[in-house]
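A.B. asks: turn this into a structure:
(2 chains)
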Amino acid sequence: MLKMNFFRRAILALATLLLFIPGFSQNRTVSGTVSDQAGRGIPGVTVTVKGTRTSTQTNSDGAYTISAPETGTLVFSSVGFSAMEMAVSAGNFSPTLAASFDNLSEVVVTGYGTTRRKDLTGAIATVNEKNFNKGVYTSPDQLIQGKVAGVQITNNSGQPGGATTFKIRGNSAITGSGNPLFVVDGVALDGRSVRPGVGDVGFGGGNPGANPLNFLNPSDIASMEVLKDASATAIYGSRAAYGVVLITTKRGKSGEPKIDFNASVGFSKVAKRIDVLDAAQFRSALTYYGLSNANDKGSSVDAFDEITRRGIVQNYNVGVSGGADNARYRLSMGVLNQEGIVRKTGLKKYTANLSGQFKFLNSKKLGLDINIIPSQFQEDLAPISNDAGSRGSLIGNALQWNPTENLIIKRAGKPDSLNVVRGGDLINPLALQTAIDDKTKVTTILGSISPYYKFNDWLEYRFLYSINYGSGTRRTTVQPFMNFNDVIDRGRARIGYAELTTQQSTHTLNFNKKLSSSISLTALAGFEYQKYSNRGYDVNGFGRISIPGGFGNYGLDFTNYIQYSDPTTRGVGSFVDPSYELQSYFGKAIVNISDKYVFQATIRADGSSKFGANNKYGYFPSLSAAWTVNKESFFSVDQISLLKLRASWGRTGNQEFPSGSAIARYSFTGSGGIQQTNAENENLKWQTDQQYNIGMDLGLFNRLNITLDYFNKKTTDLLFPSEPAQPAAPGAPIRWVNLDGNIINKGLEATINATIVNQKDFTFDFGVNATFQSNSVSGLSSAINTGGLHGQGISGSTVQVIRNGLPINAFYTREFLGIDKTSGLASYSAGGDLLYYVGNPNPKTLLGLNTTVRYKALTLNAAMNGAFGYQIYNNTYNNVINVGSINNGKNIGVSVFQDPIKESFANPVTASSRFLESGNFLKLTNATLSYNVGNIGTYFKGINVFVTGQNLFVITKFTGFDPEVNVDKNVNGVPSVAIEYIPYPSARTITFGVNFSL
Amino acid sequence: MLRKLIFILTTISLAFAGCTKLEEKFDGQLTSSQISTTGSAGNVNALLTGIYASMRGTFQGQAGVYALWEMTTDELIGPTRGGDWDDNGAWRVLHSHRFDGDHIRIREVWNDLNGISYSATDMLRFNPSAAQGAEARFLRAFAQFMILDGWGQVPYREPGESSITAPKVRKGTEALTYIISELTAIIPSLPDAPVTKATKDAARVLLMKCYLNKGAFANRSAPTFDAADMQQVITIADQIIASNRFLFSPNYFDNFAPSNGTIGKENIWTQENLGGVGGGGGDIRSRWHSSVHYNSQPSGWNGFTTLSDFYNKFEATDKRRGVAYPTNSTTFTNPGNRINVGFLVGQQYDMTNDAPLKDRTGAPLAFTPQISIIEKGTNLEVTGIRAYKYMIDFPNANQGQWDNDYVHFRLGDVLLMKAEAQLRSGAAAAGLVIVNSLRTNRGATPLASLTTDNMIDERGREMYLESWRKQDLIRFGKFLLPWQEKAASDPKYLFFPIPNGQLAANPNLTQNPGF
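C.D. replies: As a prediction, the model looks like this:
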């Protein structure tokens, strides 16, 4: 009994601690509902007692409760609505807020703080939670796909948790990822995934990467801001050239503790297949091509069907939030279990987020924000690689499998066995899938603590320290029945480990003061230090030929007893990257005159240990101004609620090259030697971007918001892994240099959001964003080749070039003229001896469409996205299901067989414009139909049930799995664009779910 | 307020104490100053090991020196077979002499050979002993000799020179004179053994090659042979022969067998491979892999073949044409005693039970003598005579860690160089004795007389696929002649083009004429 009492008390104490029960108040408790003009409750309205720090927020129905003095005044404010004040004494606590389309009171998250929207001078796009893509996503970048003009987000493949390509304002990356800098609640991310590479266990070493944002739970994200122009990004200096994305996680709101719960379950299946011959077609093809019927094995098999499945997706999230003015908290946990549409693949993800905002001292001048995001994701990966050679990889083997040959051999009285032929080069995809287990586990924790002190109303000092630690393991086994020469009868095991740590400490001093009745000054000065480290190791080995099954037939995971492997086959390696530190000083000032004229200047000085001794610091300034024309007294067009003109100029940089590139490094080799492994360059520095932006924000009829931006971005001092003049260190080392040359990206971005109907029972919102962009390269002293193809018979072929006068990554290969009717061989311009500019992988136009239609409690959200005016190279057709395969007893594409001109099976697999296809597509990215059930009983509030379809249809002529594809075909680190090569297929997913609060 | 200020200033200054000079630290690698300050013989030995390791890939693999020095000749062709071996035309243009300055293999071999030259030069700045220094200088001389042979221009650096400046270049005879002076200077400091390392005899063989090719390097279109140079070749050969360290092996293929480290009595300089032990970069199995069929044992890549005209230069009794070599496997025992090394032609058999093998279309796996540079028939998988000299190391075959040491220099080459020098200095009769003693050992009938025509053929028969054919054909004035699947070629092909990227990177290089 005593124990029980103690236990109860402990719980009570803990609960008290957790819930931060506010101090007792003698004020009057008032409650009400805040509605919009259509009479609907508005959730999330901030209700403040004027002149105090007491505030709360409305719930999902617009209801609130607050304690306020009888003499006080309540202030109601919410993004998208005009703020309103009401005296408590007036007795009406249920105001109706008018919609506001200028959003000028809104606060926007910007670099190292927030800025009032009216003070913005640059191109910043904000996407809030309600506008996020709906459905099950593994990482937050997918939430804003198709939502922001000037931004192209491409899922590189259909792999759950796979990497995306995130391009802001065109493409200027001749090296590195070209991805923007991601900043989560003030903490800049490393940008690399800590998932170890697979190394080569027999099917190509280049595995599709994992998304570095996988550690975040999309349902923890409150908003994302895309900083596009230099006035917004320059404060991030030498890492901001590809833009900056600020991710803000959800925060607790003061009020009663609240539990938000959402759950969804869904199914996914292959969205689109690549058509290869079925058994009957294969038989007629053998005859058609004049081949013996030795390869008609008599059965009828669909190998692709056998390796794929309907995947189940489950996603559960729970969030607890609440607190008082001086102590707010939010705790959330999420579980995602996504089965891949390829058997034996999937992603499991566990995330949590704990954040708290506290204020101390009587004066409440001292504050503390903490944020902790622990997470883990586990992947089951398929043997799919970006650079599979003649052994192919799972998808390639499935496409190539002879459809008349059984995958499984059935014998009477014996158990079924996989059809694996010893020797030879025929790989049974089902055997490959069964034989290989490739599991990763990535654990990360991002923690930040940020104390601050308000000296007075206008001066605040803030310190932020964060540590972002991640460790990843990868365990790969290959069973000894696999007919790879090196594996058969032995088996193989590999364990990889990597560890990535980023530390950041940031000091900022914020100044925010009205200097006179019409002039206000906001200023920021800061110092920041960051340190990155990356290390790892790898052990691997084959089983012993002297032991049956190599590792013995114990049914155990070989990676659990790798010491049993054959010692002569073992490989070990470890690495640590050279230290990488960044030390920076930055400042920003905004002058606002009468809310009409705003001037902003920023500067950052970035010192990086990676830079060569002669270039330790880079300086990155920006200048910008905005003129809110409609605030002028001479302006009196009632229909125009907002007319703001903006202009900016600035310089940013990029330093995405490996640390240790400036200095000669000698590495320890596996043969007991020491070798120099790079070519040094003490002049190495950042790549520079100079960007102009001219923009306009227009609000019309209180229903229409239009934003137009013209950008012109010039990239110089191009970072490039060059081939040094020989003699140079052995092993084809590279010298990182800043190449002379310019890449210019320019374009026009337009965003239009319209409220077409806004009535109590029916609303209809529509948004469109479009980007028209172009890209050109000039000033290079020699051309750079990339886009290296893979597969049988294509070694050493590249199809893209970075060359003066052409867009970046232009397709540059042989010009295909057709198949000769008599010989069946391809013919090319100039006999194939000359290469031509034959296509552009960079879309000329990007399009995003969003709509929300609501009738009473039923709401339909839909988002489409598309890209136009570009080509994709189909390396799959070139080298996997080309006509030559049929002579080897392998399958070919239907389109090859059905082509009216009979192609000779001896036609070489030469790279050419033949395999370029239009990439134009328009995709229904997601559509959600939800029904707002409302409240049930006293406890269940804001119940919302929904069904979401993702990737529902795509309009395209592209013949691969998905026109949204970017398989990494880099050459020596120079990235490729828009090449397809037997990727993980894309899924179509339907999920059903429910949200509610307690 | 004051206390507050003190507190805040202290906090800030503590935080700012993290200020850094932004110096890079290597925790898993070394800077050059770390190597020299912790200087010891061990460091220099590790660097030396690194130089040897850097030679393995380019000499042992099928796409390195082998591709450039053999596929450009009448001994080797890389045909395109339907969906396979197109490879951007890289193999076709080598054989048909249509390559240019963008050729991937020419670029890679240029880089690899210069990498050896660089690391051997760089090592010299870390205070090596005389013996260590001589070893590095030999490796550099060898790499520079190959660069000179291929491109006619040899870029070089001095030890410790900044890598930012453009390397200086020695051309033609100037480069050869330098190599000869280096070799002459270091021979006294080199050891006598082992054959897996730089030795006096290895340096002597290279010196022989320098003198023998001097006239060809001076004028590739019309080489002349100076009597004094030929005498040098003969004198050095006699030094090597007189040492009695190198003798004919009982079986010609012993020199290339998995255990050639012990039974390869003719070998003067090799790259050591240890069976089952990863050597770092060496892939001698690719010689076999690049040639035989997918359904061969172990499975190959079905690529390179020889040409029938070259195959027909051999007498049927000539053991060098191929033998049933004893396998080192209890599984692949070759019960039918089929030819399994040398040249493979006709029906191929299962090495475990002698069953005839089939190709992927289900037809018999029977290699035919005809080969076209682009194969077009239904039999495109089986065309061409397959050729390799390194006997399969079955137990280690699948791990890519063959025991067979790679052979740079061996006695047969020395004997034939001496005979050639005698032939070129008017002593054909003396040369014929040497050639015939060699032929007798190989099971071939003696020649009646020695001419330049049968001398180059004999070099082909003895040295085929050992990456000297291109140099030999140029020296004998036959490199530009037409042969199977190649028309008469433009004289510009006597040189490889300087890789275009290198021309941009080093203004001291000039593109070879015609490219």
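A.B. asks: any idea how far residue B:377 is from residue B:418?
C.D. replies: 46 Å (CB to CB, to the nearest Å). For glycine as for every other residue, the C-beta is placed from the backbone atoms N, C-alpha and C.
A.B. asks: neighbour-wise, which of these two wins?
C.D. replies: Remark: of residue B:418 and residue B:377, residue B:418 carries more neighbours, 25 against 16, as counted by other CB atoms under 10 Å in any protein chain shown.
A.B. asks: for the residue nearest to that one when sequence neighbours are not counted, phi and psi?
C.D. replies: Distances taken as CB to CB, 6 or more residues apart in numbering or on different chains put residue B:237 closest to residue B:418, at 3.7 Å, once the chain neighbours are dropped. Dihedral angles of residue B:237 (phi, psi; degrees, to the nearest 10) stand at phi -60, psi -40.
A.B. asks: quick one: the most centrally placed residue in chain A and chain B, what's the gap?
C.D. replies: The centroid of chain A falls nearest to residue A:141 when counting by CA atoms, centre = their mean (3.9 Å). Residue A:141 is 31 Å from chain B, where distance means CB to the nearest CB, to the nearest Å.
A.B. asks: where does that residue sit: helix, strand or coil?
C.D. replies: Here residue A:141 is recorded as helix under DSSP: H, G, I helix; E, B strand; the rest coil.
A.B. asks: hang on, it packs against residue A:166?
C.D. replies: Yes: if you go by CB atoms under 8 Å, residue A:141 and residue A:166 touch, sitting 5.7 Å apart.
A.B. asks: what touches both of these two?
C.D. replies: By CB atoms under 8 Å, 6 or more residues apart in numbering or on different chains, residue A:141 and residue A:166 have these common neighbours: A:153, A:245.
A.B. asks: kindly report the residues of the stretch 351-500 of chain B close to chain A.
C.D. replies: Counting by CB under 8 Å from any CB of the partner chain, the residues of the stretch 351-500 of chain B close to chain A are B:358, B:360-363, B:374-378, B:380-381, B:395, B:397-401, B:500.
A.B. asks: list buried residues within those residues.
C.D. replies: B:358, B:360-361, B:374-378, B:380-381, B:395, B:397-401, B:500 (16 or more other CB atoms under 10 Å in any protein chain shown).
A.B. asks: narrow those to those in helices?
C.D. replies: Counting by DSSP state H, the part of those found in helices is residue B:500.
A.B. asks: which members of the buried ones among the residues of the stretch 351-500 of chain B next to chain A are positioned in strands?
C.D. replies: In strands, defined here by DSSP state E, the members of these are B:374, B:375.
A.B. asks: can you say which helix or strand has residue B:390 in it?
C.D. replies: Assigned by DSSP states H and E, residue B:390 falls within no helix or strand.
A.B. asks: so it makes contact with residue B:286?
C.D. replies: No: taking contacts as CB under 8 Å, residue B:390 lies outside contact range of residue B:286: 9.6 Å.
A.B. asks: look at these two and report which has more neighbours.
C.D. replies: residue B:390 (26 against 23).
A.B. asks: residues contacting whichever residue of the stretch 251-400 of chain B sits closest to chain A?
C.D. replies: Here the residue of the stretch 251-400 of chain B nearest chain A is residue B:362; by CB to the nearest CB that distance is 2.4 Å. The contact partners of residue B:362, taken as CB under 8 Å, 6+ apart, are A:292, A:294, A:295, A:889.
A.B. asks: out of these, flag the one nearest to chain B.
C.D. replies: So of the contacts of residue B:362, ranked by how close each gets to chain B (CB to the nearest CB), first place is residue A:294, at 2.4 Å.
A.B. asks: and for that closest one, the neighbour number?
C.D. replies: Neighbour tally, residue A:294, other CB under 10 Å: 14.
A.B. asks: got the contact list for the residue nearest to residue B:380 when sequence neighbours are not counted?
C.D. replies: Spatial nearest neighbour of residue B:380, chain neighbours left out: residue B:81 (4.8 Å); criterion: CB to CB, 6+ apart. Contacts for residue B:81 (CB under 8 Å, 6+ apart) come out as A:793, A:906, B:302, B:303, B:375, B:380, B:381, B:383.
A.B. asks: hmm, the last one is touching residue B:372, no?
C.D. replies: When you say that, I think you mean residue B:383. Yes: Residue B:383 lies in contact with residue B:372 (CB under 8 Å); the separation is 7.3 Å.
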